[in-house]
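Undergrad: pasting the structure only:
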């Protein structure tokens, strides 16, 4: 899932169940056991795999199809099914490998190209995913698959910060699916000038839905009405206790309340929600990051490092996590290990003064005087620009991701 602010929340809850029905079984129907000496064994694993798929027992289906892949590595449909199983299990990196192998063996497998594009999107590889998603959304004749590709394309274009395209696509999705609560929810986040009308429509077509409560919670959150937002997020969890992303958003809201009220108790509740989110979804990089930053602030460096690494495992371009992990490593007197994270951070966001400042400290620790001065000069330039723009002291809205800042006692 994308991680900063609204991008991270964007289409992270797109349902995959419809795709499973329309892809797995259609692809499987074309599998034929090769007439070899081990054809009986192939048929047995194929039967086990198909039955497991039909009954939603994905680990068993995965094991059967992995065995089929060993026995018949040249059968494209086996790789395609295995890729679809990995996708359903959210093992997107494995799904990409299996689906690419399937397409190498047979380029015209039904829906496999679309599934590959969605897997790439789930990994945050939006540039690679966009052509396939665009093709699927424009030309697919399967309504559920077209629907999912449209939502994933919206996610990709938002992740690439292609505002004009994402707004146009949001409008198109609303035209195609005027009464779909999921589409209405996601597009409401894109075009702020039409947010009121979109939320109004959502309330009309699905007044008791999860999507309506999520929209209400986020609206309250953006207005600073944290008590009301907490209530709506709890209602979402009542309707759908296993919905991913909600414990993170609930924790984020409680965190905002804790800052507002200077409440250690609310902060502790927020951290419990982030931990619950990771239990539900270990790939939630934002929750891992917040726990890492809280641990770092408390001086628990080993624990902080593990959380930051977890965030980066699922979101390699997470700038704040790179900066957080670098700060941990610097505190552990490991400037050499911190350096790649700081260099990555300034590559991701060359306008971040915190990244340049920490890079200058790492260069100094390594004895690279010229490089330290270069980084420090860039920090001073950006810091002066910040002062000239008269930005407020707290640069991050209280209900968004915790930003890295320069510590008050840091060296000039």
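TA: Everything's here; your move. Fair warning: this is a prediction, and the values are worked out from it, not measured in the lab. Numbers count the residues shown, from 1 in each chain.

Undergrad: drop to CA atoms for contacts and neighbour counts, all remaining ones
TA: Will do.

Undergrad: in the stretch 101-250 of the chain, which spans are helices?
TA: Assignment of helices within the stretch 101-250 of the chain using DSSP state H, counting those that start in this stretch yields the ranges 112-122, 126-139, 143-159, 163-176, 181-188, 195-205, 210-222, 226-239, 246-261.

Undergrad: Can you list the buried residues in the fourth one?
TA: With burial defined by 16 or more other C-alpha atoms under 10 Å, the residues of helix 163-176 counted as buried are 166-167, 169-171, 173-174.

Undergrad: Which elements pack onto it?
TA: The contact analysis (3 or more C-alpha pairs under 8 Å, 6 or more residues apart in numbering; DSSP states H and E) places helix 163-176 against helix 143-159, helix 181-188.

Undergrad: The first one: how far from the chain's middle?
TA: So that's helix 143-159. The chain centroid and the centroid of helix 143-159 are separated by 14 Å under C-alpha atoms, centre = their mean, to the nearest Å.

Undergrad: That one versus helix 126-139: what angle between them?
TA: 140 degrees (axes from the mean of the first three to the mean of the last three C-alpha atoms, to 10 degrees).

Undergrad: Buried residues, helix 143-159. List them.
TA: Buried residues in helix 143-159 (16+ other C-alpha under 10 Å): 144-159.

Undergrad: now it: mean pLDDT?
TA: Averaging pLDDT along helix 143-159 gives 93.

Undergrad: and what of stretch 184-201?
TA: Stretch 184-201 carries an average pLDDT of 73.

Undergrad: and if you look at stretch 118-127?
TA: Stretch 118-127 carries an average pLDDT of 95.

Undergrad: Report the buried residues of it.
TA: Within stretch 118-127, the residues that count as buried by 16+ other C-alpha under 10 Å are 118-126.

Undergrad: tally of neighbours for residue 237?
TA: Counted with other C-alpha atoms under 10 Å, residues neighbouring residue 237 total 18.

Undergrad: okay, the helices and strands packed on helix 163-176 in a markdown table with distance to residue 383 next?
TA: Converted to a markdown table, the helices and strands packed on helix 163-176 look like this (distance: least, C-alpha to C-alpha, whole Å):
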| stretch | distance to residue 383 |
| --- | --- |
| helix 143-159 | 27 |
| helix 181-188 | 35 |
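
Undergrad: what's the distance between the residue lying closest to residue 157 once chain neighbours are set aside and residue 173?
TA: Residue nearest to residue 157 in three dimensions, not counting chain neighbours: residue 166, with 5.5 Å by C-alpha to C-alpha, 6 or more residues apart in numbering. Residue 166 is 10 Å from residue 173, where distance means C-alpha to C-alpha, to the nearest Å.

Undergrad: who touches stretch 361-375?
TA: With contacts defined as C-alpha atoms under 8 Å, 6 or more residues apart in numbering, stretch 361-375 is touched by 330, 335-336, 338-339, 356-357, 359-360.

Undergrad: Of those residues, keep whichever come out buried.
TA: When those are checked for burial by 16+ other C-alpha under 10 Å, the buried set is 330, 335, 338-339, 356-357, 359-360.

Undergrad: which one among these gets closest to residue 48?
TA: Closest approach to residue 48 among the buried ones among the contacts of stretch 361-375 (C-alpha to C-alpha): residue 338, at 48.7 Å.

Undergrad: ok so, going back, now, the buried ones among the contacts of stretch 361-375 that are in helices?
TA: Using DSSP state H, the members of the buried ones among the contacts of stretch 361-375 that fall within helices are 330, 335, 338-339, 356-357, 359-360.

Undergrad: okay, the buried residues of stretch 118-127 in JSON lines with distance to residue 225 next?
TA: Supplementary listing: those in JSON lines, determined by distance: C-alpha to C-alpha, whole Å:
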{"residue": "118", "distance to residue 225": "35"}
{"residue": "119", "distance to residue 225": "36"}
{"residue": "120", "distance to residue 225": "37"}
{"residue": "121", "distance to residue 225": "33"}
{"residue": "122", "distance to residue 225": "32"}
{"residue": "123", "distance to residue 225": "33"}
{"residue": "124", "distance to residue 225": "32"}
{"residue": "125", "distance to residue 225": "35"}
{"residue": "126", "distance to residue 225": "34"}
